[in-house]
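Undergrad: sequence and predicted structure, then a few things I'm wondering about:
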Amino acid sequence: SIEVVSDGIEQGIARILSRNYVTLLPIIANRLRQVDQDSWRIDFPYASDACRAASGNCKCKSTPRNKRVLVIGDGKSDMCVASTADFVFAKGSLAKYCEANNIPHARFDTFAELPALLTALPQGIAANSGTFAADLSVENQELFHHV
């Protein structure tokens, strides 16, 4: 099963997914709540005082350890989970972090590139194996190894 783990707002993520005909995925994210007629608040059900990224959703805490983990991100909230993920698609500051810390990843510039990149991922890699880049087929090795 697929879960979406984000430091964004649950309702916004659900709306974007539904526009793309994706529904019924569990979303682990911050939540916007209406307090009364004129006011709203953001709840952080997955926050942690120990979060190294100081994120509203501590991805190190909320990302399952017994499942395959694919990180697609661009920021600070993705950094702690990137080193234990099965693989990382990175842009922006996350790509720089992966490069500086020798974390195998594929760089992307726009989210429109991701469908093509996702089709190149191999199947059947053990969850959090740490050998994702080494298990890639020869024709995909250049695409995914520290680009």
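TA: Okay, I see it. Numbering: from 1, shown residues only.
Undergrad: below-threshold pLDDT in the chain: ranges please.
TA: Within the chain, the segments meeting pLDDT under 70 span 1, 122-147.
Undergrad: just the helices in it please.
TA: Ranges of helices within the chain are 10-19, 59-62, 79-82, 92-100, 114-119, 138-144, based on DSSP state H.
Undergrad: among those, which is nearest V69?
TA: Of all the helices of the chain, helix 79-82 sits nearest to V69, with 6.9 Å by CB to CB. No exception for glycine: its C-beta is placed from N, CA and C like everyone else's.
Undergrad: what does the closest one rub up against?
TA: For helix 79-82, contacts defined as CB atoms under 8 Å, 6 or more residues apart in numbering pick out 5, 51-53, 58-60, 63, 69, 71, 73, 88, 90, 94, 97-98, 103, 105.
Undergrad: quick one: R41 and S77, what's the gap?
TA: 20 Å (CB to CB, to the nearest Å).
Undergrad: list the ones among the contacts of helix 79-82 that fall in strands.
TA: Under the assignment DSSP state E, the contacts of helix 79-82 contribute 5, 71, 73, 88, 90 to strands.
Undergrad: surely the fourth one meets N101?
TA: Read that as V88. No. Using CB atoms under 8 Å, V88 is not in contact with N101, being 10.6 Å away.
Undergrad: more neighbours, R41 and S77?
TA: S77 (23 against 9; other CB atoms under 10 Å).
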